[in-house]
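Undergrad: Sequence plus the predicted model coming up.
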Amino acid sequence: MSSTVVYLAYLVAAVLFILGIKNLTKPRTAVRGNQLSSLGMLIAVVVTLLDQQILSYSWIIVGMIIGGGVGTYLARTVQMTAVPEMVAALNGFGGGASLFVALANVADPSMGGNTIAQLSIAVTVLIGSVTLSGSFVAFGKLRELKVFSDGSLKIPGGTLTNAILFAVGLLLVLLHTNAPSGALILLLVAVAIVLGLALVLPIGGADMPVVIALLNSYSGIAAATAGFISGNTVLIISGSLVGASGLILTQIMCKAMNRSLTNVLFGVMAEGGETIDADEVYAGKVKSSSPEEVAMMLETAERVVIVPGYGLAMAQAQHAVRELANVMEARGTEVKYAIHPVAGRMPGHMNVLLAEAEVPYEQLVEMDEINPQFEQTDVAIVIGANDVTNPMAREDKGSPIYGMPILNVDKARNVIIVKRSLSPGFAGLPNPLFAKDNALMLFGDGKKAIVELTASLKEAD
């Protein structure tokens, strides 16, 4: 295969990557963006395998069939609530793939006197190992595996340990670059894997959206540095795109959760203030309601905003919510959905969940746009969202979440909170919203409560 054809194919793949990322920025075009990016990756992989004469046509076709089959199976069978941990695992596989590319080149005699190649190998080993171990800790936490979620697995020292491990890792990178050694690389792998564990183990479930975005960036950077090892242009381009977009997304998530990027990098997240007593916050002020009572309220409502959270995903209530919205719209009610950047366990989780239920894209409104509209909203229905609606973030300077941008649902004329109990969210804090004068609790399973509410509203017709 001529070099002209190869580089032309790489150029086409790079353009498809860029167009894919551009289309992924909007729910309406996200599917097309995913398809464009996938096509670009297919072109890049096939051309690389043929150009380097790594595999014959038959093996490439077999690999495409097996990989496509596995991908199709996962896409059709993995539940929406399990997508975050699948993404975490895929980040880990990406980092691991880059790691093994680097390890495979350690023993290559042609790399011996190439300083850039040795530096690329060491940097790829460092970032790839951190991504591999960190991603599977994130997977374990999201999957709620006991060894990761019960706090029994700890690495002492906190931030100091992280800083020491990072410094040792950088030193090993420099030593290997100056005097290449297989022993140094193996030691670097061990140090970096422990660093990945130390970075992610202390992080709570509430901060997983930031972690996933950051590890996604790490996997891209590892791929880019692996591209320098093999001299593969498209790998450098694609890795750089993933790394840059991941860092931008991480910064957006940090802003949404009131975290600094420095704290994310060193695993310092969600450090709380003083303990807040839930009994003192609620103090007999919480008012319970019924589907019939809420239906009466919705009968006269002109504007309703639905606020989805992770509890909605766990209850698989997205289709029930869409049915409720259809009934309200048939009565002339204007319905919108308020989307907080970290309402689920990964960026865009709620958008994808509601798209699965065929909620119109134009009804999905981001936090900055919907917040000024709550004061003109007759009823806000909060389903399984806790921390992202907690007024403590605005009002209590002693709260661990103070300063975190939230959805101002408490400013609506009436607020209905659909929740199993008064249990706290991921941040472990009581929510004063539940005790507001304009708030009513609709206790029960999210899906069942919404189905009963829809039935009551239909009976009123």
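TA: That came through, no problem.

Undergrad: Residue 68: helix or strand, and which one exactly?
TA: Under the assignment given by DSSP states H and E, the secondary-structure element containing residue 68 is helix 57-77.

Undergrad: Relative to the whole chain's centre, how far out is that helix?
TA: 25 Å (C-alpha atoms, centre = their mean, to the nearest Å).

Undergrad: just checking, what packs against that helix?
TA: In terms of contacts (3 or more C-beta pairs under 8 Å, 6 or more residues apart in numbering; DSSP states H and E), helix 57-77 is packed against helix 30-51. Glycine gets a C-beta too; all of them are placed from N, C-alpha and C.

Undergrad: before we move on, back to that, can you give me the angle the helix holding residue 68 makes with helix 30-51?
TA: For the pair helix 57-77 and helix 30-51, the angle between their directions (axes from the mean of the first three to the mean of the last three C-alpha atoms, to 10 degrees) equals 160 degrees.

Undergrad: Run through who's touching helix 57-77.
TA: Counting contacts by C-beta atoms under 8 Å, 6 or more residues apart in numbering, the residues outside helix 57-77 that touch it are 42, 46, 49-50, 55, 86.

Undergrad: Tell me the one of the residues you listed nearest residue 373?
TA: For the contacts of helix 57-77, the minimum distance to residue 373 (C-beta to C-beta) is 34.0 Å, reached by residue 86.

Undergrad: following the helix or strand encompassing the closest one, which helix or strand comes up?
TA: Assignment of secondary structure by DSSP H and E places residue 86 within helix 83-106. For helix 83-106, the following helix or strand on the C-terminal side (DSSP H and E) is helix 115-142.

Undergrad: Quick check on the contacts of helix 57-77: which are buried?
TA: Buried members of the contacts of helix 57-77, counted by 16 or more other C-beta atoms under 10 Å: 46, 49-50, 86.

Undergrad: I'd like the residues you listed laid out as CSV, including pLDDT and distance to residue 454.
TA: Listed next are these as CSV, based on pLDDT from 0 to 100; distance: C-beta to C-beta, whole Å:
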residue, pLDDT, distance to residue 454
46, 85, 49
49, 81, 53
50, 80, 56
86, 86, 31
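
Undergrad: so who does residue 311 touch?
TA: With contact set as C-beta under 8 Å, 6+ apart, residue 311 has these partners: 383-386, 418-420, 446.

Undergrad: Can you list which of those residues are found in strands?
TA: Among those, the members found in strands (DSSP state E) are 383, 418-419.

Undergrad: out of those residues, who's nearest residue 305?
TA: Out of the ones in strands among the contacts of residue 311, the member with the shortest distance to residue 305 (by C-beta to C-beta) is residue 383, at 11.3 Å.

Undergrad: how many other residues sit next to the closest one?
TA: When counting by other C-beta atoms under 10 Å, one arrives at 27 neighbours for residue 383.

Undergrad: Surely it is in contact with residue 309?
TA: Yes - taking C-beta atoms under 8 Å as the definition, residue 383 is a contact partner of residue 309 at 6.4 Å.

Undergrad: mind listing what's buried in stretch 391-410?
TA: Neighbour-count burial for stretch 391-410, with 16+ other C-beta under 10 Å as criterion, is recorded at 391-394, 396, 399-401, 404-410.

Undergrad: just stretch 137-157 next, same as before
TA: Of all the residues in stretch 137-157, those buried under the rule 16+ other C-beta under 10 Å are 137-143, 148, 155.

Undergrad: Please apply the same query to stretch 416-430.
TA: Of the residues in stretch 416-430, those buried under the neighbour-count criterion (16+ other C-beta under 10 Å) are 416-419, 422, 425-430.

Undergrad: and it, how far from the chain's centre?
TA: What separates the centre of stretch 416-430 from the centre of its chain is 21 Å, taken as C-alpha atoms, centre = their mean.

Undergrad: okay, it in CSV with CA atoms only?
TA: Output in CSV follows, covering the C-alpha atoms of stretch 416-430 (Å, rounded to 0.1, in the frame of the first residue of the first chain):
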residue,chain,number,x,y,z
ILE,A,416,-43.0,17.4,44.1
ILE,A,417,-40.1,15.2,45.2
VAL,A,418,-40.5,11.5,44.1
LYS,A,419,-38.2,9.5,46.4
ARG,A,420,-38.2,6.2,48.4
SER,A,421,-37.3,7.9,51.7
LEU,A,422,-35.5,10.9,53.2
SER,A,423,-32.1,9.1,52.8
PRO,A,424,-29.3,11.4,51.7
GLY,A,425,-27.7,11.5,48.2
PHE,A,426,-24.1,10.6,47.3
ALA,A,427,-22.8,13.6,49.3
GLY,A,428,-24.3,12.2,52.5
LEU,A,429,-26.2,15.4,53.3
PRO,A,430,-29.8,16.0,54.2
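
Undergrad: Quick one: find the helix or strand in this protein with the lowest mean pLDDT.
TA: Lowest on mean pLDDT, DSSP states H and E among the helices and strands of the chain sits helix 261-265, with a mean of 65.

Undergrad: Let me see the residues that make contact with whichever helix or strand comes after it.
TA: Following the chain from helix 261-265 toward its C-terminal end, the next helix or strand by DSSP H and E is helix 278-282. With contacts defined as C-beta under 8 Å, 6+ apart, helix 278-282 is touched by 422, 424, 430-432, 434-435.

Undergrad: okay, the residues you listed in TSV with secondary structure and distance to residue 59 next?
TA: Listed next are the contacts of helix 278-282 as TSV, based on DSSP: H, G, I helix; E, B strand; the rest coil; distance: C-beta to C-beta, whole Å:
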residue	secondary structure	distance to residue 59
422	coil	58
424	coil	53
430	coil	59
431	coil	56
432	helix	61
434	helix	59
435	helix	64
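
Undergrad: pLDDT check: weakest of the residues you listed?
TA: Note: of those, the lowest pLDDT belongs to residue 424, at 78.

Undergrad: Three-state assignment for residue 380, please.
TA: Taking DSSP: H, G, I helix; E, B strand; the rest coil as the rule, one finds residue 380 in the strand state.

Undergrad: That one contacts residue 416, doesn't it?
TA: Yes - proximity of residue 380 to residue 416 meets the contact threshold set by C-beta under 8 Å, at 7.2 Å.

Undergrad: Distance-wise, check residue 391 relative to residue 44.
TA: According to C-beta to C-beta, to the nearest Å, residue 391 stands 49 Å off from residue 44.

Undergrad: Repeat that for residue 113.
TA: Taking C-beta to C-beta as the measure, residue 113 falls 29 Å from residue 44.

Undergrad: Neighbour count: these two, which is higher?
TA: residue 44 (23 against 9).

Undergrad: residue contacts, that one?
TA: With contact set as C-beta under 8 Å, 6+ apart, residue 44 has these partners: 9-10, 13, 234-235, 238.

Undergrad: let's see it at 6 Å
TA: Contact analysis of residue 44 by C-beta atoms under 6 Å, 6 or more residues apart in numbering lists 13, 234.

Undergrad: Please name the nearest non-neighbouring residue to the residue most central in space within the chain.
TA: Here the mean C-alpha position of the chain is nearest to the C-alpha of residue 346 (C-alpha atoms, centre = their mean), at a distance of 2.3 Å. On the basis of C-beta to C-beta, 6 or more residues apart in numbering, the spatially nearest residue to residue 346 that is not a chain neighbour turns out to be residue 84, at 4.2 Å.

Undergrad: That concludes my questions; thank you for your assistance.
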